[in-house]
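> Got a predicted structure here, sequence first:
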Amino acid sequence: MLIKVPDGGECRESQVTPEETYLNRRRVLKGLVASAAFSTVPSLSSLAEASRYAGVAVAKAPAWFDDKLLHAQWQASPDGESLTPFRDATHYNNFYEFGPDKGDPARHAAGMVTEPWTVMIDGEVERPGQYSVEDLFAPSRLQERIYRLRCVEAWPMVIPWLGIPLAGLIERLAPTSAAKYVRFETLARPEQMPGMRAGFSLIDWPYVEGLRMDEAVHPLTLLAVGMYGRVLPNQNGAPLRLVVPWKYGFKSIKSIVRISFVREQPKTTWQAMAPDEYGFYANVNPQVSHPRWSQARERRLPGSLFSPNIRQTQLFNGYADQVSHLYAGMDLARDY
C-alpha cells in the first residue's frame, strides 16, 4: 500500500500553538534563515521536514502558508515507490489555460496573480460566501500525502502533496441534504492565461470538474496548497487544487475559484467536449481503454516509451482497497 491515511481534523490541546509563539512567528522565521543549526530545535522540526526534497526551487509563499508549515503533519516515504523529481513534476503538465504543450504551463504561468485569492462557495450549502484560501484552511493543520497521479494519457507520477482532506472543509461548510454532487471551477483570466487567448476553441471556459458527494468526502480526496514541502507552483494549480488519486489526473482540477454544492451531476469540461472518450467518473481502469489508446500499461516519468519504467496499470491507480466500495454494483465499463 502506498500511503497510510492519517485521521483528518484531529488536534489535541498539546498541539495548539502557544499565543506567544504565534505572535512571534515572524521573528522565528527570520531566525531560521540566520541559524545553521535550526534542525536541532524541536519547534522547527516541520520546517526541517519541508526542506528535505532535493532540487526544489524556492518560491515566495503567503504568510499564512509559512505559518501552517511550522506545524504540518509529514508522511514517511512510501515503500517501493520513487518520488517523481521536482523538475519533472513542475515542467511536464497539462494546464491548457497556459497552452497545449507540456512545457507551456511552466513557461507562461508565472504571470498568474494568486494573491489575493478567493473562492466562491454556493449552491445547496448552509454557509455560502466568498472565502479567502486562508479562511478555508484556518482551522486545519496541513497534511502531507504522497500519492500516485495517473494521467489519462498513460503517464503517472508520484508526488508529495500538502493540503487538507476535502471532507473536513465540506463538513464546516454544511451542505444540505439536497446536495448530491460537488462542482469545481477553475480561474478564467485570459489576460494572464495565454492559452485562452491563443484560441484553444475546443474548450468552453472556465474549466469545470465534479465529484459525487461520497467521492468528495472520501478520506483520500485532498484539497492541496503545496507540494514537495513548499507552496504550489502556478503551473501545478496554485494556490488551490484538488487531488483525487484514484482518478485520472484531469479530475484533479487546478486553481479553483468556485465550489458549488449541486443536486444534479455537473457537466464537466472533458465530458462535454468528448463524451465518448471522457466520462464523469474517470476512474483509473486498465480494463477500459481510451478509444485512441490502451490504459493497460503506463509509462512512469521520467522515462521514455522504451524505458524500464513501463509497468502495468493498477485498478483505481492502486487504491482499490480504499475506494472500490464506492462503485459497488456499477458497471465500470459503462460508468467510466
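Received, thanks. Just so you know, these numbers come straight off a predicted model, no measurement behind them.

> And the strands in this protein, which stretches?
Assigned strands in the chain, in chain order: 118-123, 129-132, 143-150, 156-165, 181-186, 208-212, 222-227, 230-231, 241-243, 256-262, 297-299, 310-312 (criterion: DSSP state E).

> Show me what the fourth one pairs with in its sheet, parallel or antiparallel.
I take that to be strand 156-165. strand 143-150 (antiparallel), strand 222-227 (antiparallel) (DSSP bridges).

> which one of those strands lies closest to residue 294?
strand 143-150 (13.7 Å; Cβ to Cβ). Yep, even glycine has a C-beta here, placed from its N, CA and C like the rest.

> Show residues contacting that closest one.
By Cβ atoms under 8 Å, 6 or more residues apart in numbering, the list of residues contacting strand 143-150 from outside reads 2-3, 5-6, 8, 72-75, 77-78, 81, 83, 156-165, 220, 222, 229, 243, 245, 248-249, 252, 284, 298, 313, 317-318.

> repeat that for 6 Å
3, 73-75, 78, 156-162, 222, 245, 249, 284, 317-318 (Cβ atoms under 6 Å, 6 or more residues apart in numbering).

> Narrow these to those that are buried.
In the contacts of strand 143-150, burial by neighbour count holds for 3, 73-75, 78, 156-162, 222, 245, 249, 284, 317-318, counting by 16 or more other Cβ atoms under 10 Å.

> For stretch 71-80, the averaged confidence score.
The predicted model gives stretch 71-80 an average pLDDT of 81.

> Could I have the CA atoms of it written out in PDB?
Extracted C-alpha coordinates of stretch 71-80, given in PDB (Å, rounded to 0.1, in the frame of the first residue of the first chain):
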ATOM      1  CA  HIS A  71       3.100  22.500  12.300                       C
ATOM      2  CA  ALA A  72       2.400  20.400   9.200                       C
ATOM      3  CA  GLN A  73       1.900  16.600   9.500                       C
ATOM      4  CA  TRP A  74       4.600  14.900   7.400                       C
ATOM      5  CA  GLN A  75       4.400  11.500   5.900                       C
ATOM      6  CA  ALA A  76       7.100   8.800   5.700                       C
ATOM      7  CA  SER A  77       8.400   8.000   2.200                       C
ATOM      8  CA  PRO A  78       6.500   5.100   0.600                       C
ATOM      9  CA  ASP A  79       8.000   1.700   0.300                       C
ATOM     10  CA  GLY A  80       8.900   0.600  -3.200                       C
END
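
> Residue 299: what's it in contact with?
With Cβ under 6 Å, 6+ apart, residue 299 has these contacts: 155, 309-310.

> ranking those by neighbours, who comes first?
Counting neighbours by other Cβ atoms under 10 Å, residue 155 comes out on top of those with 19 neighbours.

> distance of that one from residue 88?
Plainly put, residue 155 is 10 Å away from residue 88 if you go by Cβ to Cβ, to the nearest Å.

> Could you list the low-pLDDT ranges of the stretch 51-200 of the chain?
77-79, 199-200 (pLDDT under 70).

> quick one: the helices in it?
In the stretch 51-200 of the chain, the helices defined using DSSP state H, counting those that start in this stretch lie at 63-69, 86-91, 104-108, 133-137, 166-173, 194-197.

> buried ones in the longest one?
What that stands for is helix 166-173. 166-170, 173.

> now do the last one
Applying a neighbour-count criterion of 16+ other Cβ under 10 Å, the buried positions in helix 194-197 are 194-196.

> follow-up on the earlier one: among the strands paired with strand 156-165, which is nearest residue 97?
strand 222-227 (17.9 Å).

> out of the buried residues of helix 194-197, which one sits closest to residue 332?
When the buried residues of helix 194-197 are ranked by distance to residue 332 (Cβ to Cβ), residue 195 comes first, at 32.4 Å.

> if I look at the nearest residue in space to residue 62 that is not next to it in sequence, how far off is residue 231?
Using Cβ to Cβ, 6 or more residues apart in numbering and skipping residues adjacent in sequence, the residue nearest residue 62 is residue 115, 5.8 Å away. Going from residue 115 to residue 231 by Cβ to Cβ gives 10 Å.

> Kindly report the same for residue 299.
29 Å.

> same deal with residue 286?
34 Å.

> The two: which is more packed in?
Using other Cβ under 10 Å, the more surrounded residue of residue 286 and residue 231 is residue 231, with 22 against 16.

> wait, the more buried one sits on residue 65?
Yes. With contact defined as Cβ atoms under 6 Å, residue 231 reaches residue 65; the gap is 5.2 Å.
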